[in-house]
Structures are given as structure tokens and as C-alpha cells.
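[1] structure of the sequence below:
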Amino acid sequence: MWENVEIGTSFWNGNLYIHSEYDSDSFQQWVRRELLPYDNSVIPAVQTCYSLCESVEHPADMGCGLGENVSNVESEGILTTRSEYGVVALAIHTITVQGSHQFTLINFWVIDDASPTDLPFPSLYPSVLIPGTIKGSDVSTWYLCHASNSGTYVILLSYIEEALETRLQMVHFKLPCRRFTVHTIEVPPFVNMNLITGFVVDECRGTVTLCQAENGEIFLLNFA
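    The predicted structure is shown next:
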């Protein structure tokens, strides 16, 4: 049932965090900043660099609430951010329900502001479930899913097979209440969604830039 292994790295408060998804478990490893070469030395001093590790075992449905209706779970990747607001990793999975209906599940790993230690274990927030699967780009191996630098926005291009429809969707991790909202971004009819090869979100300006490499066109959309 579980096939892919995904690994991502990020930094928080100078500490290195290594997030991995393997089988039905998520693993968080971290290395204290004192063990990392932050000084001016080109070649860091030889030292033993050890890491701390914690694991979380997920239920068979990855906690999405669909229970025994879930027939398959596939890991698609891990997105990492600058962790300014505590979001250190986003784990992306495809959930298949009753053999046909598919959803995209996003798990947010977040370090809480009120953590009593300088090297806290990230918390797994309630998962976000979005209809459809993430489309792949025809000109690269990348899936069309992008997280903003802060990790508070996720943009994905989803194909919903039941509706034969492609949607540009956004997940917003709202602060300071720390809750999620899911939105569909309206795309003008003259933009062919099937030709989109990449995009970038600018959370400061509230825009997302869509790219079509085949014909060299760029479209700028507002979402805020």
C-alpha cells in the first residue's frame, strides 16, 4: 500500500529539521544549531554530528476521516519553507477512496510559538483534504504544487476526474488563529489550464503567476 519515501529539510531558529515519510510513519529529525557550521570557517571542524528523532504512526487513512473507505495512499512529496511562522514541512499525499474517487491530502508540520524549548518537536496539525489529484507538468517531472516562502499559502493545480474539471486551488494557513481555509482561484477563460507548466505565489502582493512554457505566456492573477 505504501511505496514512496520522501525527504525534505528546513531550518527553524538555526536548527536543522529533516522530515521524511516512510510507509505509514512520519519521521522528524533535527540537529542543534551548535553542531552546524555557522561560523566563518570554510571547512568546519571535525565533530560528531548527532540528531534527535521522533516518529508519528498514522492510521490507514492518514487521519483524513474516511476510514475503511480509503483503498490506497500514495506519498507525492514534501514541501519545505523558510519556517518564519513555524511551518517546517508540508507532506502531500494522494488518497484513493473506494477504488476511484481521489483526493489530495496535505499535512502541515508546525512549531508552536509557545514551545517551552529551543528545539521543539513539530506538531502535526489537522490535515487538509482537497478534491482531485495534482496535475503534473508536461515539460518537467514537477507536480504543479507550490508553497509560499512562509508556508502559509499552498497553491495547487488539481484535476477532478468526476467533474472532468481542472481547478487552481489555494490553502491558506491563517494567523494568528492557526486555522485552514481552502479557496478556488478564478482563472480567466482565455487561460488554457491544460497548458500551465508552473506557477509562483507572491503572498506579499496577493498574486499568483501562471506560466505556459510552450508558448511563452505569463498570467498574473490576484487572490487577495
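
[2] residues near residue 222, how many?
    10 (other C-beta atoms under 10 Å). C-beta here means a position set from N, CA and C on the backbone, and glycine is covered the same way.

[3] which ones are touching it?
    Contact partners of residue 222, counting by C-beta atoms under 8 Å, 6 or more residues apart in numbering, are 206, 207.

[4] bridging residues for it?
    Counting by DSSP bridges, residue 222 forms beta bridges with residue 207.

[5] quick check: phi and psi on the spatially most central residue of the chain?
    Here the mean C-alpha position of the chain is nearest to the C-alpha of residue 90 (C-alpha atoms, centre = their mean), at a distance of 3.2 Å. Backbone geometry at residue 90, expressed as degrees, to the nearest 10, gives phi -130, psi 120.

[6] from residue 154, how far out is the nearest residue to it once chain neighbours are set aside?
    Computed as C-beta to C-beta, 6 or more residues apart in numbering, the closest residue to residue 90 that is not its neighbour in sequence is residue 79, at 4.3 Å. Counting by C-beta to C-beta, to the nearest Å, the gap from residue 79 to residue 154 is 7 Å.

[7] ok, the two, which is more surrounded?
    Neighbours were counted for residue 79 and for residue 154 using other C-beta under 10 Å; residue 154 has more, 27 against 21.

[8] you'd agree the more buried one is in a helix?
    No. Applying DSSP: H, G, I helix; E, B strand; the rest coil, one finds residue 154 to be strand, outside a helix.
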